[in-house]
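S.K.: mind looking at a prediction? Sequence and model below.
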Amino acid sequence: MKKILGGAIISLIGVIYSTSFIALITDKALNDGNGKIDFWNHLQKAGVMIPLIISLAIVLIGIAFCIWGIFEKKK
């Protein structure tokens, strides 16, 4: 049960960071003024491509902990 709760908390932290990075880039892309939303270009310009990838990896690690906690056999 502790692994499931810990994995859920880790996933929640990753989701919060991922959402904040995506909101930051969407705001910058919409306020760019050229009428075209180029998400990947703005990710690279803002320098948040690596942090976004890391936060998504944290989400996957949290999900892996949850799955591990579910399928772990009690001794």
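M.R.: Looks like it arrived, so ask away. Numbering: from 1, shown residues only.

S.K.: got the contact list for Glu72?
M.R.: Glu72 makes contact with Lys3, according to Cβ atoms under 8 Å, 6 or more residues apart in numbering. (Glycine included, C-beta is placed from N, CA and C.)

S.K.: now for the helix or strand where Trp40 lies, which elements pack on it?
M.R.: Taking DSSP states H and E as the criterion, Trp40 maps to helix 39-46. Counting by 3 or more Cβ pairs under 8 Å, 6 or more residues apart in numbering; DSSP states H and E, the packing neighbours recorded for helix 39-46 are helix 2-30.

S.K.: any idea of the angle the helix it packs on forms with helix 39-46?
M.R.: Counting by axes from the mean of the first three to the mean of the last three Cα atoms, to 10 degrees, helix 2-30 lies at 90 degrees to helix 39-46.

S.K.: name the residues of helix 2-30 that are buried.
M.R.: Applying a neighbour-count criterion of 16 or more other Cβ atoms under 10 Å, one finds 7, 10-11, 14, 17-18, 21, 25, 28-29 buried in helix 2-30.

S.K.: in this protein, which helix or strand is least confident?
M.R.: Between all helices and strands in the chain, the lowest mean by mean pLDDT, DSSP states H and E belongs to helix 39-46, at a mean of 78.

S.K.: any buried residues in that helix, and which?
M.R.: 42-43.

S.K.: for it, the distance to its chain's centre please.
M.R.: How far helix 39-46 lies from its chain's middle: 16 Å, per Cα atoms, centre = their mean, to the nearest Å.

S.K.: what's next to the helix or strand following it, contact-wise?
M.R.: Sequence-wise, the next helix or strand downstream of helix 39-46 (DSSP H and E) is helix 49-71. Residues outside helix 49-71 that contact it (Cβ under 8 Å, 6+ apart): 1-4, 6-15, 17-18, 21-22, 43.
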